[in-house]
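Chemist: The sequence and its predicted three-dimensional model are supplied below.
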Amino acid sequence: MIRFKTTRTALGLYGTLLVLPTLIFGWLYWRELLKAHEVEMASVPEDAEDGARKIWTSLKARMDDLIEAETNRPFTEYGEYVLPSLEPIGDEIRPQRSAMTERTLPAGILAYFRFDRSNPASPVDVFVGDDTFGRKGVAENFVPIIEEFRNKRDSVTVLTNIEPQRPPQAFPLAAVALSLGNGDLECIKKCSAYLIDESITVRVYDFRLQFYVDQDGFGRAVVSRRVRAEIGPLIDAPAEAGCLAPLMKGFDLQQGFLLDVNWLFKELPFTIAEHVLDAKESLVRRDGAGTIDKLESRFATFYPVEKLGFETFKSSDLRFGQLDVEIDTSEITARFDHQQRNLFAVGLMLVLTLATGMSLLYRSVSRELEQAHRTQNFVAAVTHELRTPVSTIRLHGEMLLDGWAVDEEKRQEYYRRIVRETGRLSTLVENVLEKSRLKESVTEPELSDLNEVVRRLEKDLASGDGSEDLSFDLAPRLPQVWLTPEGVRGVLLNLVENARKYAPVDRNASEPEPILVRTRWDGERALLEVLDRGPGVPAPEKGRIFDAFYRVGSEATRTTTGTGLGLHLVKLHADVAGARVSVHDREGGGSIFRLAYRASV
């Protein structure tokens, strides 16, 4: 028992050494997995901010390119007619239609415009480019918008009211006259003598970006600049030359273009987003009603009006057109959950594997220890079984040698005892040898009559003391079965001997019930049974009594002799014949040892 407990302790320590490092490594891996997930989640807001920055910087670059292109456009092109070149001209003015009336407008520009800053009642000139595609008459639709911008500009101080200036530039007088002449080519040509080879100094300011929300809630984005010539007589021309009036008194203009807010704040950002955002990122536009945020998403918000540098008339206009870069973290969370499940599944599989391995190892060691214990008991039993007959033979031999047996009857009794004990020794040796022989399975079963084999063994099974403690009940017409005659003999000898040892017939009973040997047919197999009226076999022991060297009960309290080989030999004989051996409780008390043989049909 102490050795068994020591073995269990050793197995426990061995299992701990296997499981503990696995648990530690699993915990460390899970910690690294959790840390990586936390780092990835922590980087989401930064990634969203970076995506937002990519969009509005690209948006600003597009706006800068557009403004730079318009900055390079001479202010004299804001009219119906222009000169082909701004270089000084010769003796004749050859005007041509301007790009603002003949060509398609650049993407994002709805219309060009100009108006006189010094006269609020002056008309607004609007140019919408080529009218080939049905745009004729659209210019009138933009006049109210520019009028509203002019009124708002004049009545409200812009939040950033700084007008950047550029150095004055000299422009050909003819080009300026064409731009400001309202398309009166005849007047310009008549006054060409005052214009040819003359120039005028004009101050052209930088473009300013201004944004406001009109009374209907629509956003308006206007890019405009100031163009100013000194006030006062600039040329000496006849009063009837009305087309030259702006040149004679000076001028102060506001010119620029109206941006398409839908293109600038809706179409263009999403086009840029398709190229600069990752697959996990998306651009979301917040409408007036607001959008319900996804629970597993992170946002980076930016306002195009503010990022593009628009000036506003109200601070609230800076928040117009809110855009969010959204990163859906559900995929990250799902991946982390999947990794956790995989880790736990692998961990569970590993634990089950280790538990199964430890269980099998424990059972194997337990079986080996039990086998060793049974072998030890067998050696002790064999030693005892050998000592007793050897001592008896020696004692009676010495008594015969010393002449203690005086009469012939006494000597015959001693001889009989010596022969009987010699037989016990032979049986013990034969059992050990038979176990080894049956393990090799050298005998092949044959078809034979089971009843006939049992009948031939009746004399061999009889009691040595002449008592009638055995009866037979053989079923008629049994089919032939696969058996070995020596196997049936070994089975019956061991089972009957086992019954006589552990369940002897009660001689003191009024009607002693002998040990019964019977055969019968159960519909599938031929059964050979030995029935007794002994104490029976406890249920937990029924699956073990056929093991080698196993004996029911404790060696310390056992009173019967034996080596634990008899029932094991029965099992070996059954295996050789392909039969099944089992033990059952007998109705009324006792046991039934049963062998089921294979029939020929």
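Modeler: Structure received.

Chemist: Could you report the neighbour count for Y14?
Modeler: Neighbours of Y14 under the rule other CB atoms under 10 Å: 13. Where you see a C-beta, it was placed from the backbone N, CA and C, and this is true even at glycine.

Chemist: Quick check: it is in a helix.
Modeler: Yes - Y14 forms part of a helix when assessed by DSSP: H, G, I helix; E, B strand; the rest coil.

Chemist: pretty sure R598 is in a strand, no?
Modeler: Yes - assessed with three-state DSSP, R598 lies in a strand.

Chemist: The nearest residue to it once chain neighbours are set aside: neighbour count?
Modeler: Distance criterion CB to CB, 6 or more residues apart in numbering; nearest residue to R598, sequence neighbours excluded, is W482 at 4.8 Å. The local packing of W482 (other CB under 10 Å) involves 19 other residues.

Chemist: Quick one: classify W482 as helix, strand or coil.
Modeler: For W482, the assignment made with three-state DSSP gives strand.

Chemist: State the distance from it to G256.
Modeler: Distance of W482 to G256, given as CB to CB, to the nearest Å: 113 Å.

Chemist: just N451 next, same as before
Modeler: Per CB to CB, N451 is found 124 Å from G256.

Chemist: which one of those two has more residues nearby?
Modeler: Neighbours were counted for N451 and for G256 using other CB under 10 Å; G256 has more, 26 against 17.

Chemist: Now do the same contact list for the residue nearest to K542 when sequence neighbours are not counted.
Modeler: Spatial nearest neighbour of K542, chain neighbours left out: V583 (5.4 Å); criterion: CB to CB, 6+ apart. Listed by CB atoms under 8 Å, 6 or more residues apart in numbering, the contact set of V583 reads V537, K542, I545, S591, I592, F593, R594.

Chemist: May I ask which helix or strand encompasses V583?
Modeler: Using DSSP states H and E, V583 falls within strand 580-585.

Chemist: Alpha carbons of that strand, in CSV - could you do that?
Modeler: Extracted C-alpha coordinates of strand 580-585, given in CSV (Å, rounded to 0.1, in the frame of the first residue of the first chain):
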residue,chain,number,x,y,z
ARG,A,580,-16.6,-17.3,-23.9
VAL,A,581,-16.2,-17.8,-20.1
SER,A,582,-18.2,-16.0,-17.5
VAL,A,583,-19.5,-16.3,-13.9
HIS,A,584,-23.1,-15.7,-12.8
ASP,A,585,-25.2,-15.7,-9.6
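
Chemist: What strands line up against it, and which way round?
Modeler: strand 591-598 (antiparallel) (DSSP bridges).

Chemist: What is the distance between the strand it pairs with and the centre of its chain?
Modeler: Distance of strand 591-598 from its chain centroid, counting by CA atoms, centre = their mean, to the nearest Å, is 56 Å.

Chemist: Run through the stretch 51-200 of the chain and note the low-pLDDT ranges.
Modeler: Scanning the stretch 51-200 of the chain for pLDDT under 70 picks out 85-93, 131-137, 154-165, 182-184, 193-194.

Chemist: What ranges does it have for its strands?
Modeler: 81-82, 96-97, 109-116, 125-127, 169-172, 199-204 (DSSP state E, counting those that start in this stretch).

Chemist: what's the closest of those strands to M349?
Modeler: Closest to M349 of the strands of the stretch 51-200 of the chain, according to CB to CB: strand 109-116, at 66.2 Å.

Chemist: Return the list of strands paired to the closest one, each annotated with direction.
Modeler: By DSSP bridges, strand 109-116 pairs with strand 125-127 (antiparallel), strand 252-259 (antiparallel).

Chemist: okay, the ones you listed, which one's buried deepest?
Modeler: Among the strands paired with strand 109-116, strand 252-259 has the highest mean neighbour count (mean count of other CB atoms under 10 Å), at a mean of 23.

Chemist: ok, the residue positioned nearest the centre of the chain to A345 distance?
Modeler: When the chain is reduced to its mean C-alpha position, the nearest residue by CA atoms, centre = their mean turns out to be H338, at 2.4 Å. Distance from H338 to A345, counting by CB to CB: 10 Å.

Chemist: for G108, same thing?
Modeler: Relative to A345, G108 is positioned 55 Å away (CB to CB).

Chemist: can you check C191 too?
Modeler: Distance, C191 to A345, using CB to CB: 93 Å.

Chemist: quick one, domains of the protein?
Modeler: Per automatic domain parsing, the structural domains of the chain span 80-259, 442-601.

Chemist: average pLDDT across the last one?
Modeler: When pLDDT is averaged over domain 442-601, the result is 82.

Chemist: thinking again about what came up before, tabulate the domains of the chain (JSON lines), appending distance to M358.
Modeler: Putting these into JSON lines (distance: least, CB to CB, whole Å) gives the following:
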{"stretch": "domain 80-259", "distance to M358": "73"}
{"stretch": "domain 442-601", "distance to M358": "23"}
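
Chemist: out of these, which comes closest to T329?
Modeler: Closest among the domains of the chain, using CB to CB: domain 80-259, at 31.9 Å.

Chemist: For the closest one, measure first residue to last.
Modeler: 20 Å (CA to CA, to the nearest Å).

Chemist: Tell me which other helices or strands the helix or strand containing L28 touches.
Modeler: Using DSSP H and E, L28 maps to helix 2-71. Helices and strands touching helix 2-71, by 3 or more CB pairs under 8 Å, 6 or more residues apart in numbering; DSSP states H and E, are helix 268-276, strand 281-285, strand 297-302, helix 304-307, strand 323-328, helix 330-401.

Chemist: Is it possible to get JSON lines of those that adds mean pLDDT and distance to L470?
Modeler: JSON lines is the format used below for the helices and strands packed on helix 2-71 (pLDDT from 0 to 100; distance: least, CB to CB, whole Å):
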{"stretch": "helix 268-276", "mean pLDDT": "93", "distance to L470": "101"}
{"stretch": "strand 281-285", "mean pLDDT": "87", "distance to L470": "95"}
{"stretch": "strand 297-302", "mean pLDDT": "79", "distance to L470": "91"}
{"stretch": "helix 304-307", "mean pLDDT": "94", "distance to L470": "111"}
{"stretch": "strand 323-328", "mean pLDDT": "88", "distance to L470": "88"}
{"stretch": "helix 330-401", "mean pLDDT": "76", "distance to L470": "24"}
